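Trainee: Provided below are the primary sequence and the corresponding predicted coordinates.
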Amino acid sequence: MTVIKKICCIGAGYVGGPSCTVLAAKCPDVIITVVDISQPRIDAWNSDKLPIYEPGLDEMVKQQRGKNLFFSTDVDGTIRDADLIFVCVNTPTKMYGIGQGRAADLTYLEAAARRIAGISTAPKIVVEKSTVPVHAADSIARILHANAKEGVTFQILSNPEFLAEGTAINDLVNADRVLIGGQQSPAGHEAIEALASLYARWIPRERILTMNTWSSELSKLTANAFLAQRVSSINAISAVCEATGADVEEVARAIGTDTRIGSKFLKASIGFGGSCFQKDILNLVYLCESLNLPEVGEYWQQVVKMNDWQRERFTRKVIAQLFNTVQNKKIAILGFAFKKDTGDTRESAAIYISKYFLEESAQVAIYDPKVSEDQVVRDLSEPGLLSNVDKIKKGVTMYSSAYDAVKDAHAIIVCTEWDEFKTLDYQRIYEGMQKPAFIFDGRLILDHQKLRSIGFQVEVIGKRVPPKY
Ligand SMILES: NC(=O)C1=CN([C@@H]2O[C@H](COP(=O)(O)OP(=O)(O)OC[C@H]3O[C@@H](n4cnc5c(N)ncnc54)[C@H](O)[C@@H]3O)[C@@H](O)[C@H]2O)C=CC1
Ligand SMILES: O=C(O)[C@H]1O[C@H](OP(=O)(O)OP(=O)(O)OC[C@H]2O[C@@H](n3ccc(=O)[nH]c3=O)[C@H](O)[C@@H]2O)[C@H](O)[C@@H](O)[C@@H]1O
């Protein structure tokens, strides 16, 4: 039986960092080194200010770092010493050439595989934790075997990650399931068992699902597609609610109590964000098209289309309410991260919404407890609607408190569901705003009746707020 004593994780990002921290805490006898080509990222992991914000992560890293958890840029040395290597590199949507805008860009994955092959002098288990298209493990295997030193063998496993940002530590400690796909051969089964025995230190065996590699890879894309589909489905219904007077929260409650449907992931919003939902669905769509299954591809494409439409629909509604012009009006955006309890802004709906307002020459005021000004400027200057940093700096101001952001604003837009937005003093806020004072709750977190009675004009995703009597 293969016993794992040393683990290398390639990629010290949102997945590599937290998942190896939990692994280190649960397997004190295993040495885990997380490596990255980015020196600043590794320096941050070794400092008091970690490169990502995740509740509970700081404490856990502090507990394990220097004991059996290490962060390093010595990629080659760590690969050489490891029995098992997790590949947690980014797999973004490809932005060039064939499959542009849809296929996964596997450049980083391939570079990692080539490095493993070039360095390894002993057999290794290589675990693909990054989200990849079906059959990526096959490509990794071919690269590894074609470049392997004599006598060195590799077993490739698929072990997709299901953590969600903001709840990563809990998701890892109390995982609903762990998926391990591998080759259906004696050597493949031995590798699967070696990895399963690590997870079995804290995850009940019945929740460790083993299967063939392709099922495991496809299950990850499918899980994200199903989750995103639920958000798009309830968002589609939110538009019907606004048009009819039905209330999307009541509809969600009504359908969610059906145990076959379930209540989770039915919160209407300004659209899903995050680095993965859109990317993974597009990846699935591209796969379907490559497999000559265009109808299946179109079906999933619609989930992304609905998400785009929801963001645009919401922005149009705001502009229409503000008397069809936002030119030079201060519009306060509360929350820039793609969800609460993370500083991650990748694909955040707030980016798209801010860009629409900048295009309309509004003065955009942003407050987010975990997002820096540099990050906002980077996000808004991405190629797309705007690319001029000076124009962005003129049109956007970052604030370090919600109260400062909303002062003198014509409208407040809640883009992220941070808990602190629920308990702000809205009476004080109302008094400091231009009148009529508008508030648009894109996350359904505020007390709309109370806001109405203070005097706000309240607009909400998926419901009409009855007038003040
Ligand atoms: N962010 C999330 O919540 C989740 C992400 N995933 C998947 O996990 C993968 C990683 O995602 P994130 O951690 O968010 O990405 P990330 O961008 O935060 O981290 C990836 C890291 O890999 C490093 N890297 C790239 N190529 C490298 C190489 N050849 N050698 C060493 N380091 C290298 C980068 O410098 C970067 O720090 C993606 O495939 C993603 O789809 C899966 C589940 C959850
Ligand atoms: O592969 C990934 O990267 C991860 O993607 C998601 O995790 P994450 O994107 O971190 O966060 P979610 O909680 O899924 O939220 C995604 C987006 O949907 C939005 N959302 C979620 C739920 C809901 O009911 N309504 C809604 O608008 C959130 O605000 C957020 O913008 C999945 O939940 C994870 O299982 C998966 O591992």
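Mentor: Perfect, I can see it now. Ligands and ions are numbered 1, 2, ... in the order given.
Trainee: Every contact and neighbour count from this point should use C-alpha atoms.
Mentor: OK.
Trainee: low-confidence ranges in this protein?
Mentor: 382-388, 467-469 (pLDDT under 70).
Trainee: Do I have it right that L50 meets A44?
Mentor: Yes - under the criterion of C-alpha atoms under 8 Å, L50 makes contact with A44 at 5.1 Å.
Trainee: Please identify which of these two sits among more neighbours.
Mentor: Shown here are L50 and A44; by other C-alpha atoms under 10 Å, L50 has more neighbours (17 against 14).
Trainee: list the contacts for the more buried one?
Mentor: L50 makes contacts with 44, 58, as judged by C-alpha atoms under 8 Å, 6 or more residues apart in numbering.
Trainee: Next, it: phi, psi?
Mentor: Main-chain dihedrals, L50, degrees, to the nearest 10: phi -60, psi 160.
Trainee: Walk me through the domains of this structure.
Mentor: 6-203, 303-460 (the TED database).
Trainee: can you tell me which of those comes nearest to ligand 2?
Mentor: domain 6-203 (3.2 Å; C-alpha to the nearest ligand atom).
Trainee: who in this protein is up against ligand 2?
Mentor: 161-165, 224, 231, 265-269, 271-274, 276-277, 338-339 (C-alpha under 6 Å from any ligand atom).
Trainee: Now, those that are in helices?
Mentor: 224, 231, 277 (DSSP state H).
Trainee: Which residue is the nearest non-sequential neighbour of E165?
Mentor: Distance criterion C-alpha to C-alpha, 6 or more residues apart in numbering; nearest residue to E165, sequence neighbours excluded, is T342 at 6.4 Å.
Trainee: wait, L284 sits on V296?
Mentor: No - using C-alpha under 8 Å as the test, L284 is too far from V296 to be in contact (9.2 Å).
Trainee: So for the two, which residue has more residues nearby?
Mentor: Set L284 next to V296 and count neighbours by other C-alpha under 10 Å: L284 wins out with 26 against 15.
Trainee: continuing past the helix or strand where the more buried one lies, what's the next helix or strand?
Mentor: Per DSSP states H and E: L284 is located in helix 277-290. The helix or strand immediately downstream of helix 277-290 is helix 294-321, counting by DSSP H and E.
Trainee: Figure out how far that next one is from the centre of its chain.
Mentor: Here helix 294-321 is found 19 Å from its chain centre; the criterion is C-alpha atoms, centre = their mean, to the nearest Å.
Trainee: Note down every partner strand of the helix or strand following that helix and its orientation.
Mentor: Toward the C-terminus, helix 294-321 is succeeded by strand 330-334 as the next helix or strand (DSSP H and E). Using DSSP bridges, the strands paired with strand 330-334 are strand 363-367 (parallel), strand 411-414 (parallel).
Trainee: And the contacts of the first one?
Mentor: Residues from elsewhere that reach strand 363-367 (C-alpha under 8 Å, 6+ apart): 327-336, 354, 357-358, 395-402, 405-406.
Trainee: Could you rerun that using 6 Å?
Mentor: 328-335, 395-399, 402, 405 (C-alpha atoms under 6 Å, 6 or more residues apart in numbering).
Trainee: Please convert the buried members of these into ChimeraX selection syntax.
Mentor: In ChimeraX, selecting the buried portion of those, with burial taken from 16 or more other C-alpha atoms under 10 Å, looks like this:
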select :329,330,331,332,333,334,335,395,396,397,398,399,402,405
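Trainee: buried stuff in stretch 213-227?
Mentor: Within stretch 213-227, the residues scored as buried using 16+ other C-alpha under 10 Å are 213-218, 220-221, 224-225, 227.
Trainee: possible to save those as a markdown table with secondary structure?
Mentor: A markdown table is the format used below for those (DSSP: H, G, I helix; E, B strand; the rest coil):
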| residue | secondary structure |
| --- | --- |
| T213 | helix |
| W214 | helix |
| S215 | helix |
| S216 | helix |
| E217 | helix |
| L218 | helix |
| K220 | helix |
| L221 | helix |
| N224 | helix |
| A225 | helix |
| L227 | helix |
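Trainee: can you tell me which of those lies nearest to I79?
Mentor: T213 (22.7 Å; C-alpha to C-alpha).
Trainee: tilt between the helix holding L284 and helix 294-321?
Mentor: 150 degrees (axes from the mean of the first three to the mean of the last three C-alpha atoms, to 10 degrees).
Trainee: could you pick out which of the ones in helices among the residues of the chain next to ligand 2 are near ligand 1?
Mentor: With C-alpha under 6 Å from any ligand atom as the criterion, these include none near ligand 1.
Trainee: could those residues go into TSV alongside distance to I429?
Mentor: Listed next are these as TSV, based on distance: C-alpha to C-alpha, whole Å:
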residue	distance to I429
N224	38
V231	31
F277	35
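Trainee: Look up how far ligand 1 lies from the spatially closest residue to R201 that is not a sequence neighbour.
Mentor: Leaving out its chain neighbours, the residue that sits closest to R201 by C-alpha to C-alpha, 6+ apart is K26, at 6.6 Å. To ligand 1, K26 is 20 Å away according to C-alpha to the nearest ligand atom, to the nearest Å.
Trainee: Now do the phi/psi pair for K26.
Mentor: phi -90, psi -20.
Trainee: right, and the domains of the chain - which one's nearest N292?
Mentor: domain 6-203 (14.4 Å).
Trainee: and that closest one, how far out from the chain's middle?
Mentor: 17 Å.
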